[in-house]
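Novice: Sharing a model that was predicted from the sequence below.
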Amino acid sequence: MYGVATKNIAVREETYRRPKALKREDESFSDLVDRPTAWEHSTTEVAGTTAGLASDASAGRERLREEFAKEQDELRGR
């Protein structure tokens, strides 16, 4: 585990709800923030070397949209 230092940031309520809807039950907000930034190499470093990266990225974005829509529905009680 990493050393723990806390930072408080002020965000609007609607801004808070978006990442909260994406946060998995078993993860903290730190884990949520780490998810897209935890790559050992930046995506621009590997973009030219990974076959199918564009289609993988498109599929990943679509999965995120679906996951986000599902979480939004749950937040709205649907």
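Specialist: Received, thanks.

Novice: lowest average confidence, helix or strand, in this protein?
Specialist: Using mean pLDDT, DSSP states H and E, helix 43-46 stands out as the lowest-scoring helix or strand of the chain, at a mean of 59.

Novice: which helices and strands does the following helix or strand past that helix pack with?
Specialist: Downstream of helix 43-46, the next assigned helix or strand under DSSP states H and E is helix 53-75. When contacts are defined as 3 or more CB pairs under 8 Å, 6 or more residues apart in numbering; DSSP states H and E, helix 53-75 packs onto helix 13-22. In this view, the C-beta of every residue, glycine as well, is placed from N, C-alpha and C.

Novice: Name the residues of the helix it packs on that are buried.
Specialist: Ala21 (16 or more other CB atoms under 10 Å).

Novice: so what secondary structure elements neighbour it?
Specialist: For helix 13-22, the packing partners by 3+ CB pairs under 8 Å, 6+ apart come out as helix 29-37, helix 53-75.

Novice: Could you tell me the least trusted of the ones you listed?
Specialist: Mean pLDDT per stretch puts helix 29-37 lowest among those, at a mean of 80.
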